[in-house]
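**Q** I'd like to go over a predicted model; first the sequence, then the structure.
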Amino acid sequence: MRSLLVLLAAAIALSACATTAPSGGASGGGSTSGEGTGSNQSSSSGGNAATTPIVMAWLPNESGADLKDARDAFGAIISEALGRPVEHRTTTDYIIAVETVANNNAHLAWFGAEAYVQARDKNPAVVPLVIPSGADGTVATAVYYSWLAVKRGEEGNYQDGGVFKIDNIQGKRFSFVSNSSTSGFRVPSATIVKYFSTMDQWKDLKADDLLEGGANNFFADVQFGGSHQGSAVNLISGKVDVAAFCDACVENYVTLVESTANTPGAVYRVNNDAAEPFDKFPGAEFVVIASVPVINAPFVANSNMLTPEEIKRLQDVLTSDAVANNPKIFAPKEATDAGYKPFFRKTNAERFLVVEDSFFDPIRAMR
């Protein structure tokens, strides 16, 4: 884990923040269109006609009906900035979302770092647009957390002298999100390999060895949730013993009830009014047994489909004070208390920042 944090610090040192610019608001300049699913729908490839939609692909984590208002709020900013309507392309599979961007079928997407690296490997025209900052408005705190979690009542099996350890995850039923997920596969698999490869029995362990379960494999059984929400539900429904998922992707559905957030021993409870897929498990509790910081997920642009001027215009608008203070983009507590489901929460000075491709080198180093 120390090595991961060193790599993260190096990436932060290499990144550069954007300067602020006048904002495009959320009204006028074109309307947000309806949503599509999957990758088989056709979309435009380039062109600047006002009637040509900007297609934005969303990972399964952000494709649910409960986040439609948040998608529309982001689409409204893009629509006004470029003077074109926005079509949201929701998906049910990580690979579909990555391929949609890499194959020039979407202009924009919000990816985890691993999905971004995979898309860029397939198509170098895919570039980072902006990332959300940390609470202090800088890249230094621009992280979220990858968790390993177990059901409440089972956490004692993963402690030694009161200290949480992951030794006993070996041989258990395990859930990842997708092998295209940063915090739901790349980071947890790298953490597991680093920890266990110091042991003679697992000295040759590789991340690919974690993809399948079986009597002679590291895990007894391996499942994929398809989304962070799905991986968490695999755990609380009893399908697996341990699951990997991230804090940010489940925060709209759960509440911290014991200990400190994002630390081993933190206990979370499913909200009574949680939306799908948590609606069948109100009150279910799980415990974090490992928590690793992860580079914030970037919004990405396809420079084959957008001009340099359009990309710069989007960066200027998204990094503006107006967007940083837009309650539908960075939602304050009163908005979330009123029932609004955001992508980002406003706790202090959160805003969007521009970073270079090299910011994501720590994720590449884990592969």
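**A** Cool, the structure landed. Numbers count the residues shown, from 1 in each chain.

**Q** distance from the chain centre to the strand or helix carrying residue 292, please.
**A** Secondary structure from DSSP states H and E places residue 292 in strand 285-295. From the chain centre to the centre of strand 285-295 is a distance of 14 Å (C-alpha atoms, centre = their mean, to the nearest Å).

**Q** do stretch 231-242 as well
**A** For stretch 231-242, the distance to the chain centre is 19 Å (C-alpha atoms, centre = their mean).

**Q** what does stretch 351-367 give?
**A** 13 Å.

**Q** mind listing what the strand holding residue 292 pairs with, with the direction of each?
**A** Sheet pairing of strand 285-295 (DSSP bridges) gives strand 143-151 (antiparallel), strand 267-270 (antiparallel).

**Q** quick one: residues in contact with the last one.
**A** By C-beta atoms under 8 Å, 6 or more residues apart in numbering, the surrounding residues in contact with strand 267-270 are 149, 152, 236, 250, 253-259, 278, 281-288. The way it works is simple: take the backbone N, C-alpha and C, and place the C-beta from them, glycine included.

**Q** pLDDT weak spots in the chain?
**A** Low-confidence segments of the chain, defined by pLDDT under 70, span residues 1-50.

**Q** residue 254 is in contact with residue 271, isn't it?
**A** Yes. Counting by C-beta atoms under 8 Å, residue 254 touches residue 271, with 6.4 Å between them.

**Q** can you pick out the residue with more neighbours from the two?
**A** The residue with more neighbours, out of residue 254 and residue 271, is residue 254; 20 against 15, by other C-beta atoms under 10 Å.

**Q** and the more buried one, what are its bridge partners?
**A** residue 270.

**Q** stretch 126-139: how far from the chain's middle?
**A** Taking C-alpha atoms, centre = their mean, one finds stretch 126-139 lying 13 Å from the centre of the chain it belongs to.

**Q** and for stretch 249-268?
**A** Counting by C-alpha atoms, centre = their mean, stretch 249-268 is centred 17 Å from the centre of its parent chain.

**Q** now swap in stretch 291-299 and tell me
**A** Centroid separation between stretch 291-299 and its chain, computed with C-alpha atoms, centre = their mean, is 7 Å.

**Q** tell me the domain ranges of this protein?
**A** The record's domain parsing of the chain by automatic domain parsing lists 2-140+296-361, 144-295.

**Q** turn those domains into CSV, including distance to residue 367.
**A** As requested, the domains of the chain are arranged in CSV below (distance: least, C-beta to C-beta, whole Å):
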stretch, distance to residue 367
domain 2-140+296-361, 8
domain 144-295, 7
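
**Q** and the residue nearest to the spatial centre of the chain, what is it in contact with?
**A** What sits nearest the mean C-alpha location of the chain, by C-alpha atoms, centre = their mean, is residue 112, with 4.5 Å. Residue 112 makes contacts with 59, 180-184, 294, 297, as judged by C-beta under 8 Å, 6+ apart.

**Q** flag every buried residue along stretch 309-329.
**A** Judged by neighbour count using 16 or more other C-beta atoms under 10 Å, the buried positions of stretch 309-329 are 310-311, 313-320, 322-324, 326, 328-329.

**Q** go ahead and confirm residue 86 touches residue 54.
**A** Yes. At 4.9 Å, residue 86 counts as touching residue 54 under the criterion of C-beta under 8 Å.

**Q** tell me which of the strands paired with strand 285-295 sits most buried.
**A** Highest mean neighbour count of the strands paired with strand 285-295: strand 143-151, a mean of 23 (counted as mean count of other C-beta atoms under 10 Å).

**Q** past that strand, which element shows up next along the chain?
**A** Following strand 143-151 in sequence order, the next helix or strand is strand 159-160 (DSSP H and E).

**Q** which residues are contacting the helix or strand that that following strand is followed by?
**A** Next along the chain after strand 159-160, taking DSSP H and E as the criterion, comes strand 163-164. The contact list for strand 163-164, computed with C-beta under 8 Å, 6+ apart, reads 155, 158, 264-265, 289-290.

**Q** between those residues, which is nearest residue 303?
**A** Nearest to residue 303 among these: residue 290, at 37.2 Å, using C-beta to C-beta.

**Q** could you pull out the strands for the stretch 201-350 of the chain?
**A** 221-224, 242-246, 254-258, 267-270, 285-295, 299-302, 330-331, 344-345 (DSSP state E, counting those that start in this stretch).

**Q** how far does the first one sit from its chain's centre?
**A** Which is strand 221-224. Chain-centre distance of strand 221-224: 20 Å, with C-alpha atoms, centre = their mean.

**Q** list the pairing partners of it within its sheet, with orientation.
**A** Strand pairing for strand 221-224, using DSSP bridges, gives strand 173-176 (parallel).

**Q** run through the neighbouring helices and strands of the helix or strand that the strand it pairs with is followed by.
**A** Going down the chain from strand 173-176, the next helix or strand is helix 187-196, by DSSP H and E. Contact here means 3 or more C-beta pairs under 8 Å, 6 or more residues apart in numbering; DSSP states H and E; on that basis helix 187-196 packs against helix 2-14, strand 143-151, strand 285-295.

**Q** which residues do residue 86 and residue 54 both contact?
**A** With C-beta under 8 Å, 6+ apart as the test, residue 86 and residue 54 both reach 78-79.

**Q** what about the closest residue to residue 366 other than its chain neighbours, distance to residue 196?
**A** Residue nearest to residue 366 in three dimensions, not counting chain neighbours: residue 190, with 4.0 Å by C-beta to C-beta, 6 or more residues apart in numbering. Residue 190 sits 11 Å away from residue 196, taking C-beta to C-beta, to the nearest Å as the criterion.
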